[in-house]
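J.: Okay, predicted coordinates and the sequence, questions at the end:
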Amino acid sequence: MVKAIGKRDLAAFAATAVIAATAGIAHYAKFNAVLAFALAALALSGVAWMVSFGTEELGTRLPAGPTGLLQSTLGNLPELFVVLFALREGQVVVAQTSILGSIFANALLVLGVTIVIGARRSEDGYMRFSHRLPKDTATLLLVATFVIVLIGISLAAQDRASGDVQSISVIGAIVLLAVYAAWVIPFAREGVKHGHIEAGAPRLSLVATLALLGVAGVAAAFVSEWFVAALEPAIDAVGVSEAFAGLVVVGVAGNAVENFTAFVLAAKGRSETAISVVKNSVAQIAAFLFPVLVLVSLAFESHLTFAIEPVYVGALAFTALAVWQITDDGEAAAFEGWALTGLYVILAALTLYE
């Protein structure tokens, strides 16, 4: 049975359409860079909400695991387009730091706040979820981190392999994609067959839901291009570093889907799906999106590799360990969520002074 869409949802759809149209006008009419960037960021968040709405609708028909996987896949569309457009413009630093920013934002900020919300809603102060997915995604994040740390150590030591970072990155990307495929195919099949579908009546028909997701995907491509076009002029006008813009601004704005959806799901007590959304996104960005973009970048003049600044190599390694330690046992207290959030604030502060 399909229930009617509420007035708030209709108002949100209308607001998203207006903001996206205004952002398009600001882009093509060459508005002030900061204003154009702000409008594009709002439009990106609006598109993210549309994807969130659509995938939440699918969640009434699919188990938590596959829903979270689909949510993270569609939710990463804006991030994919942002990086592609940045590479096209030769903004390698922005492209690379936006990917890292997505990992840090999801693994520390979004996961942390989700745990806080979920734990506070629970009667005993602990957010509980199946430990299978956190274990799997922590493994994928650690494998991706291994490649990045290894290349970082090689560059720091200036050994013979450091001269072939591009080739090593391509090999690493292919291996990561193979490992991700070896995990995601059985995971999706098992989830569809044996997963639990959380209660809730859909607000849209299946056809309408798929149409909404299609429109949101197309909109994400346009809005991401406007976002990237206004990014560099806005950075120059405001005076922040490219690292802060990539790791914090783009990282948070490009992952508004996970931010909004995970928080709402946790507040509704749907902890399994909330954790699935965040953890799937972290694993997918690190073990799928990053390596795919490394390979795709070969078609551009500016190439993307797994070579990153030493400070971010260290931050990524500790992030992987923190995520594994906190979520491995299938439960988390509010203070652990605050700890993850605190790590993100410290990292953001560092990028501000870069």
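T.: Alright, I've got the coordinates. Numbers count the residues shown, from 1 in each chain.

J.: Counting by contacts, list what the strand or helix carrying Asn259 packs against.
T.: Taking DSSP states H and E as the definition, one finds Asn259 inside helix 256-267. Contacts defined by 3 or more CB pairs under 8 Å, 6 or more residues apart in numbering; DSSP states H and E place helix 256-267 against helix 33-58, helix 64-75, helix 111-121, helix 271-284. Using the backbone N, CA and C atoms, a C-beta is placed for each residue, glycine as well.

J.: Run through the neighbouring helices and strands of the first one.
T.: In other words, helix 33-58. Against helix 33-58 (3+ CB pairs under 8 Å, 6+ apart) you get helix 7-28, helix 64-75, helix 77-88, helix 206-238, helix 251-253, helix 256-267.

J.: Show residues contacting the helix holding Asn259.
T.: Identification of contacts with helix 256-267 by CB atoms under 8 Å, 6 or more residues apart in numbering yields 44-45, 48-49, 51-52, 55-56, 71-72, 74-76, 78, 105-106, 109-111, 113-115, 117-118, 121, 127, 252, 271, 273-275, 277-278, 281.

J.: Ser276 contacts Asp136, correct?
T.: No - Ser276 is beyond contact range of Asp136, at 10.9 Å (criterion: CB atoms under 8 Å).

J.: out of the two, which sits in the busier spot?
T.: Ser276 (30 against 16; other CB atoms under 10 Å).

J.: mind checking how far that one is from Ala156?
T.: Distance from Ser276 to Ala156, counting by CB to CB, to the nearest Å: 37 Å.

J.: what do you get for Tyr126?
T.: Separation of Tyr126 from Ala156 (CB to CB): 41 Å.

J.: Tell me the secondary structure of His303, please.
T.: Secondary structure, DSSP: H, G, I helix; E, B strand; the rest coil: His303 is coil.

J.: I'd say it and Leu295 touch.
T.: No - His303 is beyond contact range of Leu295, at 10.1 Å (criterion: CB under 8 Å).

J.: Nearest to Val345, out of the helices and strands packed on helix 33-58?
T.: With respect to Val345, and counting by CB to CB, the nearest of these is helix 251-253 at 12.1 Å.

J.: per-residue confidence averaged over that closest one?
T.: For helix 251-253, mean pLDDT is 73.

J.: do the same with stretch 159-168
T.: Mean predicted lDDT for stretch 159-168 stands at 88.

J.: what's the spacing between the closest residue to Ile168 other than its chain neighbours and Ile171?
T.: Setting aside the residues directly before and after it, Ile168 is nearest to Ile151 in space (CB to CB, 6 or more residues apart in numbering), at 6.2 Å. The gap separating Ile151 from Ile171 is 11 Å, by CB to CB.

J.: Settle it for me: which of those two has more neighbours?
T.: When neighbours are counted by other CB under 10 Å, Ile151 and Ile171 differ, and Ile151 comes out ahead with 21 against 12.

J.: how far is the strand or helix carrying the more buried one from where the chain is centred?
T.: Taking DSSP H and E as the criterion, Ile151 maps to helix 132-157. Helix 132-157 sits 17 Å away from the centroid of its parent chain (CA atoms, centre = their mean, to the nearest Å).

J.: Compute the inter-axis angle for that helix and helix 271-284.
T.: Relative orientation of helix 132-157 versus helix 271-284 (axes from the mean of the first three to the mean of the last three CA atoms, to 10 degrees): 20 degrees.

J.: List the buried residues for helix 132-157?
T.: Within helix 132-157, the residues that count as buried by 16 or more other CB atoms under 10 Å are 133-134, 136-145, 147-149, 151-152, 154-155.

J.: Measure how buried Glu89 is and give me the count.
T.: Other residues within reach of Glu89, judged by other CB under 10 Å, total 17.

J.: Oh, that last question was meant for Trp338, not what I typed.
T.: Trp338: 15 neighbours (other CB under 10 Å).

J.: if we can go back for a sec, quick one: which of the helices and strands packed on helix 33-58 has the weakest pLDDT on average?
T.: Going by mean pLDDT, the lowest-scoring of those is helix 64-75, which has a mean of 67.

J.: Point out where the stretch 51-200 of the chain drops to low pLDDT.
T.: With pLDDT under 70 as the threshold, the stretch 51-200 of the chain has low-confidence stretches at 59, 61-68, 71-72, 75, 191-200.

J.: on that earlier part again, which elements pack onto the helix holding Ile151?
T.: Judged by 3+ CB pairs under 8 Å, 6+ apart, helix 132-157 is in contact with helix 165-194, helix 271-284, helix 310-327.

J.: quick one, which of those helices is nearest to Ala36?
T.: helix 271-284 (27.4 Å).

J.: Check the offset of that closest one from the chain's centre.
T.: The chain centre lies 10 Å from the centre of helix 271-284; the measure is CA atoms, centre = their mean.

J.: average model confidence for that helix?
T.: When pLDDT is averaged over helix 271-284, the result is 82.

J.: Alpha carbons of that helix, in PDB - could you do that?
T.: Taking C-alpha atoms only, helix 271-284 is exported to PDB below (Å, rounded to 0.1, in the frame of the first residue of the first chain):
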ATOM      1  CA  SER A 271      20.000   1.900  13.300                       C
ATOM      2  CA  GLU A 272      20.800  -1.000  11.000                       C
ATOM      3  CA  THR A 273      20.000   1.000   7.800                       C
ATOM      4  CA  ALA A 274      21.700   4.100   9.200                       C
ATOM      5  CA  ILE A 275      25.000   2.300   9.800                       C
ATOM      6  CA  SER A 276      24.700   0.500   6.500                       C
ATOM      7  CA  VAL A 277      24.300   3.800   4.700                       C
ATOM      8  CA  VAL A 278      27.400   5.400   6.300                       C
ATOM      9  CA  LYS A 279      29.700   2.300   6.300                       C
ATOM     10  CA  ASN A 280      28.800   1.400   2.700                       C
ATOM     11  CA  SER A 281      29.700   4.900   1.700                       C
ATOM     12  CA  VAL A 282      33.100   4.800   3.400                       C
ATOM     13  CA  ALA A 283      34.000   1.500   1.900                       C
ATOM     14  CA  GLN A 284      32.700   2.400  -1.600                       C
END
